[in-house]
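In: This is the structure alone, sequence omitted:
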């Protein structure tokens, strides 16, 4: 998830709906919430350009069931112009996945065996606005990385699903 810009309710709603179906929740910045908010006890969050609480990390590396995830908002890595710098940072920590936000535009691709993912904005989308916002659920195993995008009503969007060979 990313870029909710003050919409805490949708974070809670997504958590309640999917907490028993996923191994971890990643939030890629611009919540505009305090780093001490209780929602961050159940989500890995990073600081976005609209988050003014310095207690959020700018980036983080997490290991979930054998999968290494590099997470950042991306504004300091120029993700609006491309994901090259993001990929470099993620490769430097041997990440399997690199998650970012900032652009409010969903995107998923593989680069040298690593999944690069922007889940879009669940509250203020700049692409696929007809869905009212998007977030993603990622499944990674030894051979594939699958991305399922969901809309603001928590419904899957089959037309946007991606599956990549690792």
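Out: Looks like it came in fine. Here the structure is a predicted model, which means the values were calculated and not measured. Numbers count the residues shown, from 1 in each chain.

In: okay, now residue 42: neighbour count?
Out: Applying other C-beta atoms under 10 Å, we find 13 residues neighbouring residue 42. For the C-beta atoms, the positions are set from N, CA and C on the backbone; glycine is no exception.

In: please renumber so the chain begins at 20
Out: Understood, numbering begins at 20; the last thing we discussed is residue 61.

In: and the nearest residue in space to residue 179 that is not next to it in sequence, what helix or strand is that in?
Out: Closest residue in space to residue 179, ignoring its immediate chain neighbours: residue 168 at 4.2 Å, by C-beta to C-beta, 6 or more residues apart in numbering. Counting by DSSP states H and E, the element that carries residue 168 is strand 163-170.

In: residues contacting residue 148?
Out: By C-beta atoms under 8 Å, 6 or more residues apart in numbering, the contact list for residue 148 is empty.

In: Distance check, it against residue 140.
Out: 10 Å (C-beta to C-beta, to the nearest Å).

In: Kindly report the same for residue 169.
Out: Distance from residue 169 to residue 140, counting by C-beta to C-beta: 13 Å.

In: So what's the residue count around residue 151?
Out: 12.

In: Am I right that it is in contact with residue 170?
Out: Yes: shown here, residue 151 and residue 170 form a contact pair, counting by C-beta atoms under 8 Å, at 5.9 Å.

In: contacts for the longest helix seen in the chain?
Out: Counting by DSSP state H, the longest helix found in the chain is helix 27-37. For helix 27-37, the surrounding residues in contact (C-beta under 8 Å, 6+ apart) are 20, 23, 44, 46, 50, 52, 56, 58, 61-62, 141-142, 152, 154, 156, 171, 173.
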